[in-house]
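**Q** Have a look; sequence and predicted model below, questions after that.
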Amino acid sequence: MTHLTYAQVGPQTPTEQIQAFKAAITWSEPFIQCLLAFQAVVIITAIALTKKGGLYTRMGFMIILAIIVRLAERLNVMGNSRWKEFATQNYFDRGGIFIGIMLCAPLLCVCFGMLFAMFREANTLLVDVKAMKIKAQQEQQQQKKKKSKEEEKKRRKKKD
């Protein structure tokens, strides 16, 4: 098996793979710039929704991103058949490497980031609720002690 990979020409290490991928893309191409701008808008929207959005808004945004990721295969096939209309080279291979790296990976990272923020928020709320419950129990115990002391005082007055 090693003799087969030894004879192959091309990038071998992960660093070489990344460099080859970066070199294969025409970064000044409008299609690529629009794709990067789309990713920037998605990231900014996700940050804004995480800080100020409601739960349903955040979940809806995550569902939209998941739908885009789910449709990536179809987008790749459509891009493969129509790439001449919007790009200078065909980025859409059968394996979907380009669409997976340039579209799906960033969207999934944004979804995981938003999900992590939701878990962190849920954790904070759970701790707050537990603290409130403990505080309420302590107040209830104090009121019971106060009541029992008052009742004991009344009993003593009746005995006297």
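**A** Cool, the structure landed.
**Q** only C-alpha atoms for contact and neighbour calcs from this point on.
**A** OK.
**Q** Quick check: mean pLDDT of the strand or helix carrying Ala20?
**A** Here Ala20, judged by DSSP states H and E, is contained in helix 14-24. Throughout helix 14-24, pLDDT has a mean value of 87.
**Q** Show me which positions of whichever helix or strand comes after that helix end up buried.
**A** Per DSSP H and E, the first helix or strand lying C-terminal to helix 14-24 is helix 30-52. By 16 or more other C-alpha atoms under 10 Å, the buried positions in helix 30-52 come out as 32, 36, 39, 42-43, 45-47, 49-50.
**Q** With stretch 106-114 instead?
**A** 106-108, 110-111, 113-114.
**Q** Other residues contacting it?
**A** Here stretch 106-114 makes contact (C-alpha atoms under 8 Å, 6 or more residues apart in numbering) with 39, 42-43, 46, 50, 58, 62, 65-66, 69.
**Q** What is the nearest of the residues you listed to Gly79?
**A** Val69 (14.6 Å; C-alpha to C-alpha).
**Q** so that closest one makes contact with Cys104?
**A** Yes - with contact defined as C-alpha atoms under 8 Å, Val69 counts as touching Cys104 (5.3 Å).
**Q** Which helix or strand contains the residue nearest to Tyr91 when sequence neighbours are not counted?
**A** Counting by C-alpha to C-alpha, 6 or more residues apart in numbering, Tyr91 lies nearest to Phe98, which is 6.2 Å off, once chain neighbours are set aside. Per DSSP H and E: Phe98 is located in helix 97-99.
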